[in-house]
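[1] Here's a sequence, model it:
(one chain, ligands or ions: 2)
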Amino acid sequence: MIQLAPSILSADFARLGEHARAAEEGGASLLHVDVMDGHFVPNITLGPPVVASLRRATRLPLDCHLMIEDPDQYIPAFAEAGADWISVHQEACRHLNRTLELIRSHGARPGVVINPATPVEFISEVLGIVDYVLVMSVNPGFGGQKFIASTLHKVRALVELRSARRLQFRIEMDGGISAETVVAAVTAGVEILVAGNAVFGHGDPAANARELLKLATEATWQKV
Ligand code: DX5
Ligand code: ZN
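    Residues are numbered from 1 along each chain as shown. Ligands and ions are numbered 1, 2, ... in the order given. Have a look, this model is predicted:
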């Protein structure tokens, strides 16, 4: 099943509740929350208080993508604020296994993220302890960037590894997902689509979400 996780990074931060409800109405399964610290990535966004407010505004599970240095220091606060899924970057973690276990011990689903320049081999040892792998299809930091198609082979590699090792993790992709790129992502094996600009960048977010999901679902039918 294909799931859509609209990224509130491209929403109007003064109308987050309204935009979260529009995403829900458009068929979103998750709400993607981009946390940036100005160190790991060259941008600053939001912290646990905003996650707590979102938690009260929507029933959708909150998928918190931590683009921060030293995530261990903040994971308890994000879990406490209501993050249901928490992902951390391989590139930001000195003891990745410990960090992923920490997420689970706080009652959230752990995910690991790799940047476009990071190979799948770098997360091979943690594939058995994550609920999802997030493959970045842009360099993290900003919404509205161009999709990097050369990252798709990593999705195909993950699909193969998962089946060879009988693992369960889901595969998410983030960055530049739009009506133009969604079919390539789903065809490669992406199951959770993050979309910021394509949902909140123009027009009606609920209609935009529905349209993306429709294209993604049709692409899955083509696969079988
Ligand atoms: C980028 C963020 C993304 C971003 C995606 O660093 O992790 O989640 O919001 O935005 P679009 O879909 O506009 O590329
Ligand atoms: Zn993200």
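
[2] which residues are in contact with the strand or helix carrying M36?
    Per DSSP states H and E, M36 falls inside strand 31-36. Contacts to strand 31-36, defined as CB atoms under 8 Å, 6 or more residues apart in numbering, come from residues 5-9, 20, 23, 43-47, 50-51, 54, 58, 60-68, 78, 83, 140-141, 143, 174, 194, 196. Every residue, glycine included, has its C-beta placed from N, CA and C.

[3] Please enumerate the helices of this structure.
    16-25, 48-57, 75-81, 96-105, 152-164, 182-188, 197-200, 205-223 (DSSP state H).

[4] could you say what helices and strands the fifth one packs with?
    Using 3 or more CB pairs under 8 Å, 6 or more residues apart in numbering; DSSP states H and E, the elements in contact with helix 152-164 are strand 132-136, strand 170-174, helix 182-188.

[5] how close does R156 sit to V190?
    10 Å (CB to CB, to the nearest Å).

[6] Give me the more crowded residue out of these two.
    V190 (27 against 14; other CB atoms under 10 Å).

[7] which residues pair with the closest residue to that one other than its chain neighbours across the strands?
    Leaving aside its sequence neighbours, V190 sits nearest to M173 (CB to CB, 6 or more residues apart in numbering; 4.3 Å). As for beta bridges, M173 partners with V135, L193 under DSSP bridges.

[8] Against ligand 2, how distant is S178?
    15 Å (CB to the ion, to the nearest Å).

[9] I'd guessed that residue sits against F147; true?
    Yes: contact criterion CB atoms under 8 Å: S178 and F147 qualify, at 7.3 Å.
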